[in-house]
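> Just the structure for this:
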Amino acid sequence: MNYLETLKNIAKNKEKRTENLIFLVIMLVILLIAINYIFFPKVEDKENTSNNDTINDNIMVSEEVAKTDLEQKLESVLSQISGITEVSVVLTYSTDKVTTPIYNTKETTKDGETTNEKSVAYNEDGSKKTAIIESVELPKVEGAIVVAKGADTVEKRSKISSAIAAVTNIAAYKVQVFEK
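Numbering: from 1, shown residues only. Okay, the predicted model is just below:
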């Protein structure tokens, strides 16, 4: 009950009321900053704790670039076929790009038992860590849709279908060609 009496006395004293209000506001600001720091750690802390997430994000971005790069190359080549212009290509994939990192292995023997510990090997450039990649398995193309101006005959559609099948290593029946 002593605290309640002290608070009542402070509230009654008009001279210290403004000082107490300023002190209360300052304490609330400090409390908000502390809560923000505790519940929302710095970006640097997040980077250190989630290196694998960063690696996966980089892989996903490069995968999307590779997909559109292949589509753009096909569009460029197909537009060079006699009578074919304004080509658009869409490829569908069954699997995502799979990357295999290199692992550092640590073998320890204790009491006749051998244990192996694996950890991903990294290259460090200043504050950036990138995984060392052993192999990359590209995504598998499952089908294609091509829309082109001038693809009005069966012969031209067959040429386009054969070209796509040869580049992507899929069966010709999985390629659909339409007139624009």
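> For the rest of this, base every contact and every neighbour count on C-alpha atoms.
Will do.
> Show me which helix or strand of this protein is least confident by mean pLDDT.
When each helix and strand of the chain is scored by mean pLDDT, DSSP states H and E, helix 43-49 comes last, with a mean of 47.
> can you list the weak-confidence ranges in the protein?
1, 3, 7, 10-11, 13-15, 41-68 (pLDDT under 70).
> what about the helices in it?
With DSSP state H as the criterion, the chain has helices at 2-12, 17-39, 43-49, 51-78, 154-168.
> care to break this structure down by domain?
Segmentation of the chain into domains, based on automatic domain parsing, reads 2-40, 51-97+138-180, 100-134.
> what's the most buried one of these?
domain 51-97+138-180 (a mean of 16; mean count of other C-alpha atoms under 10 Å).
> I figured E179 hits K149, correct?
Yes. Counting by C-alpha atoms under 8 Å, K149 is a contact partner of E179 at 5.7 Å.
> shared neighbours, these two?
Counting by C-alpha atoms under 8 Å, 6 or more residues apart in numbering, E179 and K149 have no shared contacts at all.
> so what's T85 up against?
79, 148-150.
> Does it have any beta-bridge partners, and if so which?
K149 (DSSP bridges).
> ok, now the one 5 residues further on?
Legend: beta-bridge partners of V90 under DSSP bridges are I145.
> now swap in the one 10 residues further on and tell me
Taking DSSP bridges, one finds S135 as the beta-bridge partners of T100.
> any idea how far it lies from I133?
Separation of T100 from I133 (C-alpha to C-alpha, to the nearest Å): 6 Å.
> same deal with K16?
67 Å.
> Repeat that for V29.
Distance from V29 to I133, by C-alpha to C-alpha: 47 Å.
> Kindly report the same for V147.
Distance from V147 to I133, by C-alpha to C-alpha: 37 Å.
> same question, L78
Applying C-alpha to C-alpha to L78 and I133 gives a distance of 33 Å.
> Excluding chain neighbours, what is closest to K180?
K149 (4.6 Å; C-alpha to C-alpha, 6 or more residues apart in numbering).
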